[in-house]
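[1] generate coordinates for the sequence data below:
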Amino acid sequence: MQNQPTFVLVHGAFANSFSFAPLQAELALLGHRSVALDLPGHGFEATFPAAYQAPQDLDALAAAPGSIKGVMLADNVARVTEVLERAKRNGPTVLVAHSRGGCTATAVANARPELIDRIVYVSAWCPVDLDVAGYYAEPEMADVEPGGFAAALVGNPAELGLLRTNFRTADPATLDAFKQAFAADLTDDEFRTFLNTFQPDENLDAGTPDDRAQAATWGRIPRTYVRLAADASLPPAVQDRMIREADALTPDNPFDVRTLEGSHLRWLVHPGAAAEVLAGLAGN
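    Numbers count the residues shown, from 1 in each chain. Model (predicted):
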């Protein structure tokens, strides 16, 4: 097993290691080991205020403190680095990031490229020419509808020191906006099941221009981008733009690009095809 890679899986915003369980099962059945980690303030480190339970008290929820307050991208980097250091003792590592987890993966690769044998972005942020906020102002993100999140936001992020979203809302319009953004191709039951794995709080730090991909470090790691063709929250046009920018940054080490059908979350609920892609990278 010494030459077999360990897949290190990094989740996105409001998510946690739990969402990778179906993918890990598929990888294991294909003979591959993996570890899904929780970024600081996620998983069993998350805060679920009593006011978030049913019946909800939105006024109390808007003021309840959260453990993720003060967590910075640097804290995420430290967590992933620690896991990679341990995994590296057993052989190669493949760092796999989804969604906002790509910001963390990029920053880790900037700082410790020697710990990563391949980096895989699955419809994940890979900031190159701009930071994440900058991309949101670009034409490729023009069709992304922020209304669903806005309607579910609770409290003042500046006062709470975190971003809080009420994923347990029963408002039909808000639930439909979430589904269209993340999981339009899942059944309603699949969608609501996934929604119940989300945690209400996320940190405010998605990185700065200094955390964009750096050619001298990040740029020397073999890399794969797995496009999600029906992603409405990180549209293919944005994914393709980041791929182009990265390839221009390090033309001698371009992205190996793969495409999976489906929405932002479908690959985690129905992970067979994604597991096959990852397994195929294990020997590369």
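
[2] please count neighbours and contacts with C-alpha atoms only from this point.
    Noted.

[3] name the helix or strand of the protein that has the lowest mean pLDDT.
    Every helix and strand in the chain was compared by mean pLDDT, DSSP states H and E; the lowest is helix 147-152, with a mean of 76.

[4] send the alpha carbons of stretch 193-205 over as PDB?
    Below are the C-alpha coordinates for stretch 193-205, written out as PDB (Å, rounded to 0.1, in the frame of the first residue of the first chain):
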ATOM      1  CA  THR A 193     -31.400  15.100   3.200                       C
ATOM      2  CA  PHE A 194     -28.300  16.900   2.000                       C
ATOM      3  CA  LEU A 195     -29.500  20.200   3.300                       C
ATOM      4  CA  ASN A 196     -29.800  18.700   6.700                       C
ATOM      5  CA  THR A 197     -26.100  17.900   6.700                       C
ATOM      6  CA  PHE A 198     -25.200  21.600   6.300                       C
ATOM      7  CA  GLN A 199     -24.300  23.600   9.400                       C
ATOM      8  CA  PRO A 200     -25.700  27.100   9.800                       C
ATOM      9  CA  ASP A 201     -22.300  29.000  10.200                       C
ATOM     10  CA  GLU A 202     -19.400  29.700   8.000                       C
ATOM     11  CA  ASN A 203     -16.400  31.900   8.500                       C
ATOM     12  CA  LEU A 204     -16.000  35.200   6.700                       C
ATOM     13  CA  ASP A 205     -12.500  34.700   5.300                       C
END
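
[5] what residues of it count as buried?
    Buried positions in stretch 193-205, judged by neighbour count with 16 or more other C-alpha atoms under 10 Å: 194, 195, 197, 198, 199, 200, 201, 202, 203, 204.

[6] need the contact list for residue 70.
    By C-alpha atoms under 8 Å, 6 or more residues apart in numbering, residue 70 lies in contact with 161, 162, 203.

[7] now with 7 Å?
    Each residue near residue 70 by C-alpha atoms under 7 Å, 6 or more residues apart in numbering is listed here: residue 161.

[8] tell me where the model's unsure across the stretch 101-250 of the chain.
    Scanning the stretch 101-250 of the chain for pLDDT under 70 picks out 146-148.

[9] what are the ranges of the strands in it?
    Assigned by DSSP state E, counting those that start in this stretch, the stretch 101-250 of the chain shows strands spanning 118-124, 163-164, 201-202, 223-228.

[10] nearest to residue 9, out of these?
    strand 118-124 (9.5 Å; C-alpha to C-alpha).

[11] can you give the strand pairings for that closest one, parallel or anti for each?
    If you go by DSSP bridges, strand 118-124 pairs up with strand 93-99 (parallel), strand 223-228 (parallel).

[12] contacts for the longest one, please.
    Spelled out, that is strand 93-99. By C-alpha under 7 Å, 6+ apart, strand 93-99 touches 5-12, 87, 105, 116-125.

[13] re the thing from before, from the buried residues of stretch 193-205, which is closest to residue 176?
    residue 195 (11.9 Å).

[14] what sits closest to the closest one if chain neighbours are left out?
    residue 167 (6.6 Å; C-alpha to C-alpha, 6 or more residues apart in numbering).
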